[in-house]
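# below are the sequence and a predicted model; questions follow.
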Amino acid sequence: MVKIRLSRFGATHNPHYRIVVADARRPRDGGYIENLGHYDPRKTSENYLKVNNERVEYWLAQGAQPTQTARRLLKSQGVKF
């Protein structure tokens, strides 16, 4: 199964996440199919959340399932489910 989920990057106590499309059997920070955007939970800059809506909608049409957190973030960017 293909999932849209967060992959953690950044230093200790300074998390940054990429919103990625990955096989559900892969590790959280392992390889992924495509990078769809990024998210900074500390909101240290103006564009702390950026998502490529066109590609997200493509992957949803292909049957990718977003995790709960990814779904919440995508909804805030106006992606329809």
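All right, it came through fine.

# please spell out which residues along whichever strand or helix holds Leu74 are buried.
Here Leu74, judged by DSSP states H and E, is contained in helix 68-76. The neighbour-count check on helix 68-76 (16 or more other CB atoms under 10 Å) flags Ala70, Leu73, Leu74 as buried. To be clear about C-beta, it is placed using only N, CA and C from the backbone, and glycine gets the same treatment.

# contacts only, for the first one.
If a contact means CB atoms under 8 Å, 6 or more residues apart in numbering, then Ala70 has Ile4, Arg5, Leu6, Ile19 as its contacts.

# and which of these is nearest Gly31?
Gly31 has its nearest neighbour among the contacts of Ala70 in Arg5, at 12.9 Å by CB to CB.

# my read: that closest one touches Tyr17, true?
No. Counting by CB atoms under 8 Å, Arg5 does not reach Tyr17; the two are 9.2 Å apart.

# okay, those two: which has more neighbours?
Ranked by neighbour count (other CB atoms under 10 Å), Arg5 and Tyr17 place Arg5 first, with 23 against 20.

# and that one, bridged to which residues?
Val20 (DSSP bridges).

# thinking again about what came up before, would you turn the buried residues of helix 68-76 into CSV with distance to Gly10 and pLDDT?
Listed next are the buried residues of helix 68-76 as CSV, based on distance: CB to CB, whole Å; pLDDT from 0 to 100:
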residue, distance to Gly10, pLDDT
Ala70, 17, 97
Leu73, 16, 97
Leu74, 21, 97
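
# now Val51, which residues is it bridged with?
Judged by DSSP bridges, the bridge partners of Val51 are Gly37.

# among the contacts of Ala70, who's most crowded?
If you count neighbours using other CB under 10 Å, the busiest of the contacts of Ala70 is Ile19, which has 28 neighbours.

# okay, strands next: where are they in the chain?
All strands of the chain, identified by DSSP state E, fall at 2-11, 14-23, 34-39, 49-51, 65-66.

# can I get the ones you listed in CSV including mean pLDDT and distance to Trp59?
CSV is the format used below for these (pLDDT from 0 to 100; distance: least, CB to CB, whole Å):
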stretch, mean pLDDT, distance to Trp59
strand 2-11, 96, 6
strand 14-23, 96, 5
strand 34-39, 97, 7
strand 49-51, 97, 11
strand 65-66, 97, 9
